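Asker: Model the structure of this input:
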Amino acid sequence: MANGSAGKTGWRRVLHDKFAVEERYVDAAVRKKLYVVAAVLAIVGAGVFVLALTGVLERDGLASADESAHRWLLTTRSEPLTDFMIILAVIFGPVALPIIVLVVTAAWGILAKQAWRPVLLAAAMLTGVGLAQVIGRSVERTRPPVELMLFGADHTFSFPSGHVLGASNFLLVTAFLVFSRHRKPAVTAAGFVLAGFGVALAALSRLYLGYHWVSDAIGSVAVSLVVLGAVIAVDTWRTVRIPGEPLTEDVSRADTQAD
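Answerer: Have a look, this model is predicted:
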């Protein structure tokens, strides 16, 4: 009985350590800057989304160039480029991307000392899926003509693009959670540049293959910026500490139990 009790206590300790607060210490100015960045991203994202949504509903504004952009993309089609865009569509699609996210979050959660960041990534991805479903069913925008789609017919709603929103959330949130901890700003900037390039490719593939309008992609990235802003704010609130600041309640309790 004693051994069983000790084993149970040990597992509880392991789980506590795994899901304890992941703290990092920075200057007060850096923490304030993180909150400002989070607020700016959320405000800009919300503003652009409203503009895109208004354009979609009223068929003007950001949506006024949808038809001309769609026609121009039709002229750029070629067999090699189509094959490349289909590969991108599969990678960021509703089958492959969830598998990628599941593998990344599971491996990260197991290998990392603390599971805070992979859990936050998973929460951001689920939030994106929920928002895409709610917005899509509320707006009910039709897609471009089915006969111009190059990878099978899709009769679901067009605004926003689930492919683009999922890719944007995954790449941008992962870039923040990984590279924001790096001490060299150049490395952090490079991470976000690569993430932005991936988002652009994901959006371009959906437009090129004929499944979305430009305003769909813009609205999707805008929603993703709001999600990213929320992630930065929550992560900062939860993990960022100023030297000399009292420890959190969870960490203090853990230290007490360890003593």
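Asker: ok, which stretches of the stretch 101-250 of the chain are helices?
Answerer: Applying DSSP state H, counting those that start in this stretch to the stretch 101-250 of the chain gives helices spanning 116-139, 162-179, 185-208, 214-239, 249-258.
Asker: Would you indicate which residues of the helix or strand encompassing Val40 are buried?
Answerer: Element membership of Val40, judged by DSSP states H and E, is helix 28-58. Within helix 28-58, the residues that qualify as buried are 31, 34, 37-38, 41-42, 45, 48-49, 51-53, 55-56, counting by 16 or more other Cβ atoms under 10 Å. Where C-beta positions appear, they are placed from N, C-alpha and C, glycine not excepted.
Asker: who does the helix or strand just after it touch, helix- and strand-wise?
Answerer: The C-terminal neighbour of helix 28-58 among helices and strands, as given by DSSP H and E, is helix 66-75. Using 3 or more Cβ pairs under 8 Å, 6 or more residues apart in numbering; DSSP states H and E, the elements in contact with helix 66-75 are helix 185-208, helix 214-239.
Asker: ok so, going back, output the helices of the stretch 101-250 of the chain as a markdown table; include the columns mean neighbour count and mean pLDDT.
Answerer: Formatted as a markdown table, these follow (neighbours: other Cβ atoms under 10 Å; pLDDT from 0 to 100):
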| stretch | mean neighbour count | mean pLDDT |
| --- | --- | --- |
| helix 116-139 | 18 | 94 |
| helix 162-179 | 24 | 95 |
| helix 185-208 | 17 | 93 |
| helix 214-239 | 23 | 95 |
| helix 249-258 | 11 | 43 |
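Asker: that older thread, so for Met125, which of the helices and strands packed on helix 66-75 sits nearest?
Answerer: helix 214-239 (9.0 Å; Cβ to Cβ).
Asker: Compute the inter-axis angle for that closest one and helix 66-75.
Answerer: Orientation of helix 214-239 against helix 66-75 (axes from the mean of the first three to the mean of the last three Cα atoms, to 10 degrees) gives an angle of 100 degrees.
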